[in-house]
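In: kindly generate the corresponding structure for this input.
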Amino acid sequence: MLQINTYLTFNGNCREAMSFYKACLGGELTLQTIGESPLADKMPAQMKDLILHSTLTKGSLLLLGSDMVGDNGLTVGNSVSLMLDCSSENEINELYAKLSAGGKADHPLENSFWGALFGDLTDKFGNHWLLHFDKNKQ
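Out: Numbering: from 1, shown residues only. Model (predicted):
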């Protein structure tokens, strides 16, 4: 089955960010540093502790991340959002509070015209999250 997964790029703080997301969302976090990879001998010593690849998995959730920034550097923008489809009102409230800690609660959770509890936020790493709970599926 064709599937799209979210891959986030960070500028040296991938470990911190992915650990934060694990604390918020739960799941299993795997981190591979550049120093632990076949690239180790080809990279400058100061890059050995940076994250080459990370995965956070919980059920069908798969969030990927890396510190491998291109030559032009990291540009955090608003063209990508992470959408969490929550299973309960309690879950959406809890996740909104956790993910917005240290960030910005752009639009607090509110009842939408389509029958869902919905809100969005920007976390402390500059990533935009949409949180959704369909009240019609209770």
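
In: so Phe113, which of the three states?
Out: Following DSSP: H, G, I helix; E, B strand; the rest coil, the label given to Phe113 is coil.

In: who's in contact with the residue nearest to Thr33 when sequence neighbours are not counted?
Out: In space, and not counting its chain neighbours, Thr33 is closest to Asp49: 5.7 Å by Cβ to Cβ, 6 or more residues apart in numbering. All C-beta atoms are positioned from the backbone trio N, CA, C, and that covers glycine. Shown in contact with Asp49 (Cβ atoms under 8 Å, 6 or more residues apart in numbering): Thr33, Ile34, Gly35.

In: over to Leu117?
Out: Neighbour list for Leu117: Glu89, Ile92, Leu109, Glu110, Asn111, His132, Phe133, Lys135 [criterion: Cβ under 8 Å, 6+ apart].

In: go again with 7 Å.
Out: Shown in contact with Leu117 (Cβ atoms under 7 Å, 6 or more residues apart in numbering): Glu89, Ile92, Leu109, Asn111, Phe133, Lys135.

In: distance check, the fifth one against Ala97.
Out: It refers to Phe133. 14 Å (Cβ to Cβ, to the nearest Å).

In: kindly report the same for the last one.
Out: Counting by Cβ to Cβ, the separation of Lys135 from Ala97 is 19 Å.

In: quick one on the thing from earlier: more neighbours: which of Phe133 and Ala97?
Out: Phe133 (24 against 13; other Cβ atoms under 10 Å).

In: Three-state assignment for the more buried one, please.
Out: strand.

In: do the same with Cys24
Out: At Cys24 the chain is in helix, as set by three-state DSSP.

In: wait, what's in contact with it?
Out: Per Cβ under 7 Å, 6+ apart, neighbours of Cys24: Leu95, Lys98, Leu99.
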